[in-house]
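Colleague: here is a sequence together with a model predicted from it:
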Amino acid sequence: MKKNNINDFKPFLSLIIIIMTLLFLVFSKMEVRRLGYSVLKQSREFRRLQDNYRLKVIEYAKLTSPENLRKMAVSKFTMSEAEVGQIIHISGDQIAVEQ
């Protein structure tokens, strides 16, 4: 009687195995799609941050250009342009050389 009882459950068990396999496949496909969207979102964020970094580098280069530094020194820090005779050159033997 036990052998007959097990044979009655075999179709039910095979159906459960098939359903579980199909559910696993659907879940894995949904997970792949979700991860794909996550990667897409992260790549967009990375590109945005990379563009922002490039803009900051360009802005830094503009701010530290010699012409801009000279204008800032003259306008904001009350420095004046060097005139002829104000610059002292230091060379090997002589400390100050006339211009």
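Modeller: Perfect, thanks for sending it.
Colleague: every contact and neighbour count from this point should use C-alpha atoms.
Modeller: Will do.
Colleague: from E45, how far off is S38?
Modeller: Here the distance between S38 and E45 works out to 11 Å (CA to CA, to the nearest Å).
Colleague: next, the buried residues of the helix or strand of the chain with the lowest mean pLDDT.
Modeller: Lowest by mean pLDDT, DSSP states H and E among the helices and strands of the chain is helix 66-75, with a mean of 84. Judged by neighbour count using 16 or more other CA atoms under 10 Å, helix 66-75 contains no buried positions.
Colleague: kindly format the C-alpha coordinates of it as PDB.
Modeller: Extracted in PDB, the C-alpha atoms of helix 66-75 (Å, rounded to 0.1, in the frame of the first residue of the first chain):
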ATOM      1  CA  PRO A  66      48.500  84.200 -15.100                       C
ATOM      2  CA  GLU A  67      46.400  87.000 -16.600                       C
ATOM      3  CA  ASN A  68      43.600  86.400 -14.200                       C
ATOM      4  CA  LEU A  69      45.900  86.300 -11.200                       C
ATOM      5  CA  ARG A  70      47.500  89.500 -12.300                       C
ATOM      6  CA  LYS A  71      44.100  91.200 -12.600                       C
ATOM      7  CA  MET A  72      43.000  89.900  -9.300                       C
ATOM      8  CA  ALA A  73      46.200  91.100  -7.600                       C
ATOM      9  CA  VAL A  74      45.900  94.600  -9.000                       C
ATOM     10  CA  SER A  75      42.100  95.000  -8.400                       C
END
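Colleague: burial measure for G85, as a count.
Modeller: G85 has 9 neighbours, counted by other CA atoms under 10 Å.
Colleague: got the phi and psi for it?
Modeller: When read as degrees, to the nearest 10, the backbone of G85 gives phi 90, psi -10.
Colleague: do the same with L63
Modeller: In terms of degrees, to the nearest 10, the main-chain angles of L63 are phi -70, psi -30.
Colleague: gap between it and V74?
Modeller: Distance of L63 to V74, given as CA to CA: 15 Å.
Colleague: tell me where the model's unsure across the chain.
Modeller: 1-2, 88-99 (pLDDT under 70).
Colleague: tell me where it has helices.
Modeller: Counting by DSSP state H, the chain has helices at residues 2-63, 66-75.
Colleague: since that was my last question, I'll sign off now.
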